[in-house]
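[1] my questions concern the predicted model and sequence given below.
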Amino acid sequence: MPDNLQPDSLAWALAHVRRYDDTDIFPLPFEYEAIAHDWKSVSSFLLGVDLAGYKIHPDSRIMVIKPGGGFRAATQLDPLDHLLYTAAVYEAAELIEKARIPADQRIACSYRICITPEGAFFPPESGWKDFHSRSSELAKLEGTSHVLSADISDFYNQLGQHRIQNAMEFASVPVVRSENVESFLNQLTGKQSQGLPVGPFASIILAEACLMDVDNFLLRQNVPYTRYVDDFRMFCASRKQAIALKHDLAKYLFSVHRLSLESSKSSIMHVDRFVKEELSDPEEIEQQARVDRMNQLFKELVDESGPYWFEGLDEGTEKELLNKAQKESFIAVFKDCVERRPLHLGLARHLLRRGRRSRTNVLNSLIFEHIEALAPVLRDTVRYLAVTLPKAQAAKRGKQILAFCKDSDIGALPFVRMWILELLHRRPDLCSAADAIALAEESTADLGYRPAALLAAVYKQVDWVRARKETWRNYEPWGRRALIWSTSILPSGERKPFLCMVAEQGDLLDAAIAKLLLSKK
C-alpha cells in the first residue's frame, strides 16, 4: 500500500526548518534556501515519494561534547530526508499528544505538542519551568521524605525502533505509517533496530511517545511524580519506598524496553537536600543575583552618603543604578556558571542566548578565558560571539581562536572544529583566508570539504573554487553542494555556464542550488 505525504505537511515541514533550524546542534544548511526557491520541483518530487520503499541519503554525524566530559552522537539528516521525516511525524503528532497523559496533570511536562501554522511543534516554553515548579510543589507535600531522581541511560540511542512503531500504533497512527517510520529509522542505524537520531526536533515527539507506557506504569504505583523527557522525579514517603520504586522502574524498563537507568544520574536523597541542590532555575538564579547586587549597591550608597541618600535620587540616577546592577549580576552569574564543574547547561544557554538577544559584549572576555569549559554549549557560544565581537578586536580574538584550535586539548575535536569554522564563516574578519581555509582543510577527514568550500566562498578565494569545480561530481554530497554554492564568487561568464550544466545534470538538490544562484544578480 503506497504511503505518501500530504502537500500541506511538506510545506509545514519546510516552514518549521526555516524558522527553527533543522537541529539545535549543527549549523543550518544553506540547502533549505535553495529548496524554498525551487519548491515547485522539490515538492513535486517529495509528494511522489512512497515512504514504503524510500531509500535515505547520506547524513552527517558528529560526537557532541557533554558537560561531564563524555560524548553523545548527533545526526544531521540530508535536507530531503529531514523534510520527509519531519512531515511524517507532523502528521502523527496530534494523535501522539492525544494519547499522552493530559498536560494539565503536570506529569509529562516536556515538549507538549502545540502545532502552529508558522512551523512550531511545541509552545515557546519547552516545559522545563512547569517541571521545575511541579517538582517544588511535590517536594512540599505532607509525608514526602525522600525524592527518587532517575535518568534513562543513553535514552535516544538505546530506544528500540519496534517499540517506537508500537507506540505510534498505540496512538492510533495508521500501521502502514508507523511501520514506514520504523523502516526509515532502521536505515539510519544500519539495520541495528534501535536508536533515534539526536538532533531533529521530530525525534523528540517519538521519544515522548515511547514513554507513554512508562508514565502509565508509574501512575499505577500511586507515588506522586513528574518528568522532563527521561528525567524522572518521584516523591516518596520513605527511603525504603524509594528503593523499592527504583527497583520496580528499572525492572519495567528492562523487561519492556531493554532500557536501563543511568547510575550516575539516578539518586535517592532526603527532600530537604533535594530542594537545596536540585531545584535551581536559570532565570531565578539570574534574578536573585540582580537583587543581591542591587542591595549591595544601595548599601554602598548608604555607607558613602548616609541614611538619607535616596532623597536626592533622580529618575536618571535610579535607572543607571538598575542598569549597573543588571550588568554586574549578569556577568557575575555567567562567571560562576563557567567556573563550576560540571557546566550547568541550562544556565549557560540561557545567559548566552539572553546576551545575544541584547547584543551585549560583556561576556566576551569570560568566554575566551573559559572557552574549553564552554565546549558543550559551543553552538550558543559561537552564535553569541558572531554578533557581539567588536570589529576593533577581531584580529586579537581571531588569533585566540586559532590558538585554541591548535593548542587546546579539545581544539581538534570535530564538534569544536565544526563550530569554530562556522564562526569564521560568519565573521571572516577574524583571520586571513589562508588561515581559515588551512584550518578547514585540516579537518576534512572528519568534516569533509564542506567547511572549506563555504569559507572559500565567503573569503572570495576564486582560485580555490576554480581548481575544484571541474571535478564537482567526485565530491561526497554535502561537500559537492557546498562546492556548487561556492561558485557564486566566480565571474558571471564562468559561473553561469557551470551552473546551467549543474541544473541539467545534478541531482535534485544540486539543481535547486544552481537555480537559486542563477536567479541572483
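    Yep, it's here. Numbers count the residues shown, from 1 in each chain.
[2] and the strands in the stretch 151-300 of the chain?
    Ranges of strands in the stretch 151-300 of the chain, per DSSP state E, counting those that start in this stretch, are 225-228, 231-236, 267-270.
[3] now for the second one, which elements pack on it?
    What it means is strand 231-236. helix 128-139, strand 146-151, strand 225-228, helix 239-252 (3 or more Cβ pairs under 8 Å, 6 or more residues apart in numbering; DSSP states H and E). For every residue, glycine as well, the C-beta is placed using N, CA and C.
[4] for the first one, same thing?
    Taking 3+ Cβ pairs under 8 Å, 6+ apart as the contact definition, the neighbouring helices and strands of strand 225-228 are helix 128-139, strand 231-236.
[5] for the longest one, what is the average pLDDT?
    Along helix 128-139, the predicted confidence averages to a pLDDT of 92.
[6] Throw the strands of the stretch 151-300 of the chain into TSV and include mean pLDDT and mean neighbour count, thanks.
    Formatted as TSV, the strands of the stretch 151-300 of the chain follow (pLDDT from 0 to 100; neighbours: other Cβ atoms under 10 Å):
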stretch	mean pLDDT	mean neighbour count
strand 225-228	96	22
strand 231-236	96	22
strand 267-270	95	16
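[7] let me have these in TSV, extended by distance to residue 171.
    Putting the strands of the stretch 151-300 of the chain into TSV (distance: least, Cβ to Cβ, whole Å) gives the following:
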stretch	distance to residue 171
strand 225-228	18
strand 231-236	21
strand 267-270	32
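[8] any idea which of the ones you listed gets closest to residue 181?
    strand 225-228 (23.6 Å; Cβ to Cβ).
[9] from the chain's centre, how far out does that closest one sit?
    With Cα atoms, centre = their mean, to the nearest Å as the basis, strand 225-228 stands 21 Å off its chain's centre.
[10] identify all contacting residues around it.
    With contacts defined as Cβ atoms under 8 Å, 6 or more residues apart in numbering, strand 225-228 is touched by 106-110, 127-128, 131, 134-135, 138, 211, 215, 218, 232-235.
[11] circling back: can you add distance to residue 259 and give the helices and strands packed on strand 231-236 back as JSON lines?
    As requested, the helices and strands packed on strand 231-236 are exported to JSON lines (distance: least, Cβ to Cβ, whole Å):
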{"stretch": "helix 128-139", "distance to residue 259": "20"}
{"stretch": "strand 146-151", "distance to residue 259": "11"}
{"stretch": "strand 225-228", "distance to residue 259": "14"}
{"stretch": "helix 239-252", "distance to residue 259": "9"}
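[12] any regions of the stretch 351-500 of the chain where pLDDT drops low?
    Counting by pLDDT under 70, the stretch 351-500 of the chain has no low-confidence residues at all.
[13] which residue ranges of it form strands?
    Under DSSP E, counting those that start in this stretch, the stretch 351-500 of the chain gives no strands.
[14] and the helices in it?
    364-369, 378-388, 394-407, 414-426, 433-442, 444-447, 450-458, 462-469, 477-486, 492-505 (DSSP state H, counting those that start in this stretch).
[15] could you give me the buried positions within the shortest one?
    It stands for helix 444-447. residue 447 (16 or more other Cβ atoms under 10 Å).
[16] how about the fifth one?
    By 16+ other Cβ under 10 Å, the buried positions in helix 433-442 come out as 433, 436, 437, 439, 440.
[17] distance of residue 100 from residue 109?
    11 Å (Cβ to Cβ, to the nearest Å).
[18] give me the more crowded residue out of these two.
    Neighbours per residue (other Cβ atoms under 10 Å) separate residue 100 from residue 109, with residue 109 holding more: 24 against 18.
[19] so what pLDDT did that one get?
    94.
[20] residues in contact with it?
    By Cβ under 8 Å, 6+ apart, the neighbours of residue 109 are 127, 128, 130, 131, 134, 226, 227, 228.
[21] now these in CSV, with distance to residue 471?
    Output for these, formatted as CSV (distance: Cβ to Cβ, whole Å):
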residue, distance to residue 471
127, 49
128, 49
130, 54
131, 52
134, 58
226, 56
227, 52
228, 49
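[22] distance to residue 519 added to the buried residues of helix 433-442, as JSON lines?
    Output for the buried residues of helix 433-442, formatted as JSON lines (distance: Cβ to Cβ, whole Å):
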{"residue": "433", "distance to residue 519": "27"}
{"residue": "436", "distance to residue 519": "28"}
{"residue": "437", "distance to residue 519": "28"}
{"residue": "439", "distance to residue 519": "32"}
{"residue": "440", "distance to residue 519": "28"}
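[23] nearest to residue 348, of those?
    Using Cβ to Cβ, the buried residues of helix 433-442 come closest to residue 348 at residue 439, 25.0 Å.
[24] list the residues that contact the residue nearest to that closest one when sequence neighbours are not counted.
    Closest residue to residue 439 apart from its sequence neighbours, by Cβ to Cβ, 6 or more residues apart in numbering: residue 405 at 6.1 Å. With contact taken as Cβ under 8 Å, 6+ apart, residue 405 is in contact with 411, 412, 416, 417, 420, 439.
[25] pretty sure the last one contacts residue 421?
    Yes. The pair formed by residue 439 and residue 421 meets the contact definition of Cβ atoms under 8 Å, at 6.6 Å.
[26] just the pLDDT for residue 326.
    72.
[27] quick one: neighbours of it, just the number.
    16.
[28] that one belongs to a strand?
    No. Counting by DSSP: H, G, I helix; E, B strand; the rest coil, residue 326 falls outside a strand, being helix.
[29] could you check how far it is from residue 88?
    Residue 326 is 45 Å from residue 88, by Cβ to Cβ.
[30] with that, I have no additional questions.
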